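S.K.: Next come a sequence and a model predicted from it.
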Amino acid sequence: MNRILIKNARIVNEGTIFEGDVLIEDKFIKEIAEKISPKSSDVQIIDAEGSFLIPGAIDDQVHFREPGLTHKGTIETESRAAVAGGITSFIEQPNTVPNAVTQELLEQKYQRAAETSYANYSFMMGGTNDNLEEVLKTNPRNVAGIKLFLGSSTGNMLVDDEQVLEKIFSSTKMLIAAHCEDEATIRTNLEKYKEEYGDDIPVKFHPLIRSAEACYISSSRAIALAKKTGARLHVFHVSTAIETDLFTNKIPLEDKMITAEVCVHHLWFSDADYEKKGALIKWNPAVKTAEDRQALWNALLDDRIDVIATDHAPHTLDEKKNPYTSSPSGGPLVQHAVVAMFEAYHQKKISVEKIVEKMAHNPARIFKIEKRGFIREGYYADLAIVNPGLPWNVKKENILYKCGWSPFEGVNFKSRITHTFVNGTLVYNNFKVKDVRCGDRLLFERE
């Protein structure tokens, strides 16, 4: 039996921080107490004095690029980077090649993850203009949700037929996660800039092409449709000040039918960073103004926005160097997301309790993930130890993404993940990922 005793930790859970010990037996948290003595000689003891023990982060939006785009990343490489960053569970999106828009293609991704994933995993079913029958076959017990792209995306995944959209919203009780950007607005804006610059549009215009207006038109429509049909809607990567007022903090999270996510890059960067970072911070939706960034922080802290995620989406550096119209949007983030949020804690922008709420508790609540996201006896031992006083610098040599770069390269973080446990197994220790792929398929408490 696997037994690990974590001693003297500052345990962060459900709005409190208390000093204590946690005993892990096999996959589960066996005991939480102020002091626990080892009951047998086979217990591995880890002294976490001075460090925070947090539930492993649950990243509800990643693109791990497998199948079909494995030169950018794989389930194996990116989940390995995730556990080094304290992320113990991920929900991956369907715009791989081929798109996961049939039950058979969806299940193939689960089979691949079962063989190679370091972290726990779930994969979303993709909706299109013509696959409603397949969407409705999705098992709510073992699939995170339905993903809809309401702005341009890879392959056949743009859902722009209003009747189809209404049918999907009114036909499923499953959580619908939406990428909201208005395609018509984006195309009009793009043509304007192409007339002036051709394909080599300066990347600083990206937030004007994929504008705040494009985001608001799409997200407000999706929310109106959810209210009309009673659908359970989760709006991914909110990026603008104007959108934050579409969401409420007047009701408990468990009662919300419409929830929202913000991503680390929209909390960290602003349009002032395009000059230095260029296409490395080209995301969809775009990183926008400092005012938008501040509004996102405000909405996150007052609980209009419910979740912090990454939208981890690696591309090669060569791809990123292409002219604007062929330079892909997205960037790698899972290894650095948790410590980036701890940097905000050091800057007194957010408490550690709030980080844990938004990166672990709330994703578990929103998706109704079984026995994860909290430090509770009987729950899976998905945990991370964060030393808030162990500075380090992000550089090529310590970046684990297959693409080999990070938008945080050169940043000095004050905090470091020292240990990560997945299902009770110590998978990351002393700045090394062990060659142990112990991720399990996430299950959901739904009928």
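M.R.: Alright, I've got the coordinates. Numbers count the residues shown, from 1 in each chain.
S.K.: since we're on Thr96, how many residues are nearby?
M.R.: 23 (other Cβ atoms under 10 Å). Every residue, glycine included, has its C-beta placed from N, CA and C.
S.K.: show me the residues around it that make contact.
M.R.: His63, Arg65, Glu66, Pro67, Gly68, Leu69, Lys109 (Cβ atoms under 8 Å, 6 or more residues apart in numbering).
S.K.: Please tell me the pLDDT value assigned to Glu162.
M.R.: As predicted, Glu162 sits at a pLDDT of 88.
S.K.: got the phi/psi numbers for it?
M.R.: phi -60, psi -40 (degrees, to the nearest 10).
S.K.: Kindly provide the distance from it to Arg221.
M.R.: 9 Å (Cβ to Cβ, to the nearest Å).
S.K.: likewise Ala260?
M.R.: 15 Å.
S.K.: Compare these two (neighbour count), which wins?
M.R.: Using other Cβ under 10 Å as the criterion, Ala260 and Arg221 rank with Ala260 on top: 27 against 16.
S.K.: Pull up the pairing partners for the strand or helix carrying that one, direction included.
M.R.: Following DSSP states H and E, one finds Ala260 within strand 258-263. According to DSSP bridges, strand 258-263 forms sheet pairs with strand 232-235 (parallel), strand 307-309 (parallel).
S.K.: what sits up against the shortest one?
M.R.: Spelled out, that is strand 307-309. With contact meaning Cβ under 8 Å, 6+ apart, strand 307-309 is reached by 59-62, 236-237, 259-264, 267, 300, 337, 341, 355, 358-359, 362-363, 366.
S.K.: Could you measure from the residue lying closest to Leu333 once chain neighbours are set aside over to Val433?
M.R.: Nearest residue to Leu333 in three dimensions, chain neighbours excluded: Thr310, at 3.9 Å (Cβ to Cβ, 6 or more residues apart in numbering). Distance, Thr310 to Val433, by Cβ to Cβ: 18 Å.
S.K.: more neighbours, these two?
M.R.: A side-by-side neighbour count of Thr310 and Val433, using other Cβ under 10 Å, places Thr310 first with 30 against 17.
S.K.: Distance of the residue lying closest to Gln44 once chain neighbours are set aside relative to Arg10?
M.R.: Excluding its sequence neighbours, the residue lying closest to Gln44 (Cβ to Cβ, 6+ apart) is Ile4, at 4.8 Å. As judged by Cβ to Cβ, Ile4 and Arg10 stand 18 Å apart.
S.K.: One more: Asn249?
M.R.: 28 Å.
S.K.: if you count what's nearby, which of the two comes out ahead?
M.R.: Legend: neighbour count by other Cβ under 10 Å for Asn249 and Arg10, higher for Arg10 (19 against 14).
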